[in-house]
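Visitor: I would like the atomic coordinates for the input below:
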Amino acid sequence: MANQHRVRALIARDDLPTLRERLRDELDIDADHVRDTEPTPGEYRDEAPDLELSRMVGTYHRRGLLGGAAGAVLALLLVFVLPPLREFLPYSLILVFGGAWGGGIATAARAVQATKREDDLGESIHRVGAADAAGLREVTITVDRDREAVVNLLQELGATTLDSDHPRVGRGPGARPATPGQQSHSGDQVD
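Guide: You can find the predicted model right below:
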């Protein structure tokens, strides 16, 4: 899962000065929040599945709030229309809460169902060879706010966003094993 205060990416060495400049000018991110190193040859885990999950959850929040408000209004109308519920108005407010909760959950579930991808978005692996590593930089950006804008900027510059907690495939610090049989971007299976 993506760390909300850190963005990692592989970017072309030549694009690094442009990235630093645009982060400073457009997003007000200081140079001490941007760290770059030469990537170690190996396999790196793409952040695309986490970004898709984040997009779906964002859809859930927006539509869920609207559904909750509609459920609360509907339950409130029901309380005022039915005379027995009007007599117990303080207790009937529980029905309003239930309507808001039910409307929010139903709308959110439908929103996630309607916006999910049709294809299977499994783990994506990028292979970086020794020759590739010389022309790339592994960038780690610490973000206080607006992580999405940093990701959009990196993608605009052609960078590959990486899993922010475990970018490398394997064992050890900053790494975790890949799913057996997973396809890499080079077309090979990861064992």
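
Visitor: now do the strands in this structure.
Guide: Taking DSSP state E as the criterion, the chain contains strands spanning 6-12, 34-37, 42-45, 125-128, 136-142, 160-162, 168-169, 175-176, 182-183, 189-190.

Visitor: want to throw these into TSV with distance to residue 154, mean neighbour count and mean pLDDT?
Guide: Any C-beta I mention is one placed from the backbone N, CA and C, and that applies to glycine too. TSV is the format used below for the strands of the chain (distance: least, CB to CB, whole Å; neighbours: other CB atoms under 10 Å; pLDDT from 0 to 100):
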stretch	distance to residue 154	mean neighbour count	mean pLDDT
strand 6-12	5	21	88
strand 34-37	11	14	90
strand 42-45	14	22	82
strand 125-128	14	19	80
strand 136-142	8	20	89
strand 160-162	6	22	84
strand 168-169	18	22	75
strand 175-176	21	16	64
strand 182-183	23	15	48
strand 189-190	24	14	42
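
Visitor: mind putting those strands into CSV with distance to residue 19?
Guide: Formatted as CSV, the strands of the chain follow (distance: least, CB to CB, whole Å):
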stretch, distance to residue 19
strand 6-12, 6
strand 34-37, 8
strand 42-45, 18
strand 125-128, 18
strand 136-142, 7
strand 160-162, 12
strand 168-169, 21
strand 175-176, 24
strand 182-183, 29
strand 189-190, 29
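
Visitor: contacting residues for residue 34?
Guide: Taking CB atoms under 8 Å, 6 or more residues apart in numbering as the criterion, residue 34 is in contact with 19, 20, 23, 139, 140, 141, 142.

Visitor: which among those residues gets closest to residue 85?
Guide: Using CB to CB, residue 142 is the member of the contacts of residue 34 that sits closest to residue 85, with 53.0 Å.

Visitor: how about that closest one, what does it touch?
Guide: Under the contact definition (CB under 8 Å, 6+ apart), the residues listed for residue 142 are 5, 6, 33, 34, 35.

Visitor: identify, from those, the entry nearest to residue 156.
Guide: Within the set of those, residue 34 lies nearest residue 156; the separation is 16.1 Å, counting by CB to CB.

Visitor: flag the shaky bits of this protein, pLDDT-wise.
Guide: 1-4, 48-62, 112, 115-123, 172-191 (pLDDT under 70).

Visitor: for it, just list every one of the helices.
Guide: For the chain, the helices defined by DSSP state H cover 16-27, 48-81, 83-87, 89-115, 130-134, 147-156.

Visitor: which one of these lies closest to residue 40?
Guide: Residue 40 sits nearest to helix 130-134 of all those, at 7.0 Å, using CB to CB.

Visitor: if you count neighbours, what's buried in that closest one?
Guide: By neighbour count on 16 or more other CB atoms under 10 Å, the buried set for helix 130-134 is residue 133.

Visitor: give me the neighbour count for the closest residue to residue 66 other than its chain neighbours.
Guide: Among residues not flanking residue 66 along the chain, residue 107 sits closest, at 6.5 Å (CB to CB, 6 or more residues apart in numbering). Around residue 107 sit 21 other residues, with neighbours defined as other CB atoms under 10 Å.
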